[in-house]
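1. sequence unavailable; structure follows:
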């Protein structure tokens, strides 16, 4: 008789508290709400960027970016510093792994230096899960983007932005537009929106940029912007990497922009008070028109600011729960 | 060579579809008596097999022994020991060693080393192309004469249809079989089954098309060339449908499936567990169910272990960077038994998939008849054991079944009438 091993959620401890943040999938609504509420406290206290909190005092935070990033790494650094954490950012591509050291060797060396919390970005899906499975007890791992899999803090800051501007998730239609195939942001958004009760999530893209079976995540698929944007409350644009534009996925940036770029003409199909989000960095004239990006419905810059609050909330919560978990 | 009498065992003969309790007598490396001893038989050794089952030794159509070239993963000695501990008495090894088995001298050397170990029998598969690069054909006739039982590209696709066409023509000239893993290289650039689970986990998908396009091409080329082809490790319902239809048309195609694909599906990957990374990938539950159905209706001829010992350095990586494969020689029997029990398949029929049928492909009869080779496995059908690194003899300790409880344990293994493994008390 084959006996299956029990599956467990590696992000939660036995009490159901968040000890790592690896993905928004499978996280209960109470934890998503807890993160949003704690971030709101940092925002509501005002002077988010000038105040200092003590949540991470005595905590060593290592930002491990195995893949390039400016915005996410900087906001994580700022978030940890706002919480009085000791932050080190490692440029991994130019360091030990380039000399042949394995991912887990790097992690174990940093553990030996007293790391308490790892913020990890990696080009392969599941890298953060692997690290979380192998770190010592009491050390937290926060996924800052892994392959095509998950970018949970980006999705949470998007949720924060939606809640800030729209309030109740249970009455919203949300459209996610662009390169869903390669997007960790889209996957994390879909899971978070579903858990928070969003009744209608749409994805809009050509078939080459949609992964197989995306409908199984509970989304409605559209290939036409005019149909997909009709009466939506939120438009979440995705970044399209220019190197993926030519060849097999798409014939040209021009054609993509014509059919899937968000222009003022297409924006009017959505509700008049619809908000436009983008995870950045934007490709103007490829996925979004400047008139929209800089227009009154865009909430792209507030997203960046809220991102600091969300990352503060996540770091504070996992660090606190890990301390209690020791 | 000792004369051995085995008393009181339940003989399962998959070749003749019989199941009976009888004594068995071995001499000169062969079975010399069933039920009663031949005249003048004097036993040197006895084995009490009461309560145990006796089957012809298992024939594994795909087990990588990693030697030469990958001794840090496994050695011929470690894997031969694992084979007999798993009741496997004949091993077909693919040519993807380093260097690959593309020279007769390499094949001769490997066979000699295996012979010196005096454990299981080794049946090397020769490389279909030099260095497995898919550009030039190997000296197939010379390699056959050196002992190669078939020709293969290992786990790589033949990148060029022209080369595959010529290889099939040439193989047909000498009536040697090809063993092909049907995966179209251009569609195979992923790490998991292209389905909703890969989408959910953000893993790059390998579509079923990678298998069906390759099978379609191979079947068309078979018709044209008359080559004999064995398709290795099928993974999909659509692929099996193509093979089923081809068999109905009378095409001499055979195929196997791995023990992993009988029991597992893409959803078992869980949180990126690299022990579940395989090539071809674990496909959907519907595909797995189709594999089980195709075993029952005879579309799938044989089950193999797809034994691929991988060290921790190859597995403790993000899923996409981890090496494919798992150890399997010691799991071939219990996982076949688990399938048989779950599907209510009679033991002789189930064991035929890992004894009589693959043996026939290699050109010998694996039955419990007088005159047949005395390669036997004696096992306890009811014994339970847990798969742990300590219980596995293989140097490869990575398997998706680690931690699980297996039913059916090998007690003795005999090769050429000699006991080569005995379960420690």
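-> That came in fine, so what should we check first? A quick note: this is a predicted structure, and the numbers were derived from the prediction, not measured. Residues are numbered from 1 along each chain as shown, chains lettered A, B, ... in the order given.
2. residue B:218 belongs to a helix?
-> Yes. According to DSSP: H, G, I helix; E, B strand; the rest coil, residue B:218 belongs to a helix.
3. for it, give me the pLDDT.
-> pLDDT for residue B:218: 97.
4. and it, how close does it get to residue B:290?
-> 19 Å (Cβ to Cβ, to the nearest Å). For every residue, glycine as well, the C-beta is placed using N, CA and C.
5. burial check on the closest residue in space to residue B:402 that isn't next to it in sequence, number of neighbours?
-> Sequence neighbours aside, residue B:387 is the residue nearest to residue B:402 in space, at 5.3 Å (criterion: Cβ to Cβ, 6 or more residues apart in numbering or on different chains). Counted with other Cβ atoms under 10 Å in any protein chain shown, residues neighbouring residue B:387 total 21.
6. what parts of the stretch 201-350 of chain B come near chain A?
-> B:201-205, B:207, B:263, B:270-272, B:313, B:316-321, B:335, B:338, B:341 (Cβ under 8 Å from any Cβ of the partner chain).
7. just the pLDDT at residue 191, thanks.
-> Using chain A here. 98.
8. ah, I was thinking of chain B
-> For residue B:191, the model assigns a pLDDT of 97.
9. ok, the one 4 residues further on next?
-> Looking at residue B:195, its pLDDT stands at 96.
10. from residue B:270, how far off is it?
-> Counting by Cβ to Cβ - residue B:195 and residue B:270 are separated by 15 Å.
11. repeat for residue B:328
-> If you go by Cβ to Cβ, the gap between residue B:328 and residue B:270 works out to 19 Å.
12. gap between residue B:31 and residue B:48?
-> In terms of Cβ to Cβ, residue B:31 sits 18 Å off from residue B:48.
13. actually residue A:21, not the one I typed
-> 60 Å.
14. between these two, who's got more neighbours?
-> Neighbours were counted for residue A:21 and for residue B:48 using other Cβ under 10 Å; residue A:21 has more, 27 against 11.
15. partners of the more buried one in the sheet?
-> Beta-bridge partners for residue A:21, by DSSP bridges, are residue A:142.
16. does it touch residue A:142 like I think?
-> Yes. Because the distance of 4.8 Å satisfies Cβ atoms under 8 Å, residue A:21 is recorded as touching residue A:142.
17. what is the worst-scoring helix or strand of chain B on mean pLDDT packed up against?
-> Using mean pLDDT, DSSP states H and E, helix B:312-315 stands out as the lowest-scoring helix or strand of chain B, at a mean of 92. The criterion is 3 or more Cβ pairs under 8 Å, 6 or more residues apart in numbering or on different chains; DSSP states H and E, and there are no helices or strands that helix B:312-315 contacts.
18. and the contacts of it?
-> A:102, B:73, B:274-275, B:322-323, B:397-398 (Cβ atoms under 8 Å, 6 or more residues apart in numbering or on different chains).
19. buried set for it?
-> B:314-315 (16 or more other Cβ atoms under 10 Å in any protein chain shown).
20. what do you get for stretch A:204-214?
-> A:204-206, A:209-214.
21. how close does the residue of chain B most remote from its centre get to chain A?
-> Relative to the centre of chain B, and counting by Cα atoms, centre = their mean, the farthest-placed residue is residue B:40 at 38.7 Å. According to Cβ to the nearest Cβ, to the nearest Å, residue B:40 and chain A sit 46 Å apart.
22. where does that residue sit relative to residue B:55, distance-wise?
-> The value you get for residue B:40 to residue B:55, if Cβ to Cβ is used, is 28 Å.
23. cool, residue B:130 as well?
-> In terms of Cβ to Cβ, residue B:130 sits 39 Å off from residue B:55.
24. of these two, give the one with the bigger neighbour count.
-> When residue B:130 is set against residue B:55 and neighbours are counted by other Cβ under 10 Å, the residue ahead is residue B:55, at 27 against 15.
25. partners of the helix or strand of chain A with the lowest mean pLDDT in the sheet?
-> Here the helix or strand of chain A ranked lowest by mean pLDDT, DSSP H and E is strand A:86-91, holding a mean of 89. Strand A:86-91 pairs in its sheet with strand A:60-65 (parallel), by DSSP bridges.
26. what about the partner strand, distance to the chain center?
-> Taking Cα atoms, centre = their mean, to the nearest Å, one finds the center of strand A:60-65 at 17 Å from the center of the full chain.
27. then stretch A:182-192?
-> 7 Å.
28. next: stretch A:20-34.
-> That offset, for stretch A:20-34, works out to 12 Å (Cα atoms, centre = their mean).
29. again, but for stretch B:191-208
-> 26 Å.
30. which of the contacts of helix B:312-315 sits closest to residue B:116?
-> For these, the residue nearest residue B:116 by Cβ to Cβ is residue B:73; the value is 20.7 Å.
31. so what pLDDT did the nearest residue to the closest one once chain neighbours are set aside get?
-> Nearest non-adjacent residue to residue B:73, counting by Cβ to Cβ, 6+ apart: residue B:66, 4.6 Å away. Per-residue pLDDT puts residue B:66 at 88.
32. a markdown table please, covering the buried residues of stretch A:204-214 and showing distance to residue A:77, pLDDT and secondary structure.
-> A markdown table is the format used below for the buried residues of stretch A:204-214 (distance: Cβ to Cβ, whole Å; pLDDT from 0 to 100; DSSP: H, G, I helix; E, B strand; the rest coil):
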| residue | distance to residue A:77 | pLDDT | secondary structure |
| --- | --- | --- | --- |
| A:204 | 34 | 98 | strand |
| A:205 | 33 | 97 | coil |
| A:206 | 37 | 96 | coil |
| A:209 | 32 | 95 | helix |
| A:210 | 34 | 96 | coil |
| A:211 | 32 | 95 | coil |
| A:212 | 37 | 95 | coil |
| A:213 | 37 | 94 | coil |
| A:214 | 34 | 96 | helix |
